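Peer 1: Build me a model from this:
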Amino acid sequence: MTLKARQQRRQRLRALAYLAVAAAWAASIWLSTLLAAPPWLHSIALFVHLASLIIGFGAVLMVEWYGLLWMTDWRSARDVRQIDLTLRIPIWAGLVGLLASGALLQPDLESPATLVKLGAVLVLSLNGVALTRWTTRLARMPRKMRFSSLPRMARFRFISSAVISQLAWWTAVVIGMLNSSS
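Peer 2: Numbering: from 1, shown residues only. Okay, here's the model as predicted:
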């Protein structure tokens, strides 16, 4: 398979991933309007939601921590790529768990804060798909590639993706915490 054919295949897969993530997000919200979980199931869903948050967001924090260490020359591009590959399954499993359990938690879709939280979840999910483009490029870099050696636009995109990720995750976490205590 030629390089161009591989790139086109990756683009098609990424487009499908964007659609799948958006569809799963929408399905979770739609199901939350149809399902009324009994108290015992609501408690289980809340536990799964919190466990999924710990797993997914914890894994994201580790990948982004390694990215920060790479930016400051404390880790190599290879280290970042390896941690990304290692934690990809927990990140996506955490997100799937959040969407599945969230459908049973009956979010208040009339609340502006809840709508912001749901928007943040969509943003962090789509950003996760977008990051696959950069991690693919990271795999092609020399093992010892320094962050400072990247083209300026690539550095900007790596940093932008990390900032978007952190803002979206923390927005969802804080609003979720505030919603649960009210």
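Peer 1: only C-alpha atoms for contact and neighbour calcs from this point on.
Peer 2: Fine.
Peer 1: helices or strands next to the lowest-mean-pLDDT helix or strand in the chain in the packing?
Peer 2: Within the chain, no helix or strand scores below helix 112-140, which has a mean of 92 by mean pLDDT, DSSP states H and E. With contacts defined as 3 or more C-alpha pairs under 8 Å, 6 or more residues apart in numbering; DSSP states H and E, helix 112-140 has these neighbours: helix 3-34, helix 77-102, helix 152-180.
Peer 1: hey, which of these is tucked in deepest?
Peer 2: Ranked by mean neighbour count under mean count of other C-alpha atoms under 10 Å, the helices and strands packed on helix 112-140 are led by helix 77-102, which reaches a mean of 20.
Peer 1: how far off helix 3-34 does it point, in degrees?
Peer 2: Helix 77-102 runs at 30 degrees relative to helix 3-34, counting by axes from the mean of the first three to the mean of the last three C-alpha atoms, to 10 degrees.
Peer 1: Can I get the helices and strands packed on helix 112-140 in TSV including distance to Val123?
Peer 2: Shown next, in TSV, are the helices and strands packed on helix 112-140 (distance: least, C-alpha to C-alpha, whole Å):
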stretch	distance to Val123
helix 3-34	10
helix 77-102	12
helix 152-180	6
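Peer 1: To Ala59, which of those lies closest?
Peer 2: helix 77-102 (5.6 Å; C-alpha to C-alpha).
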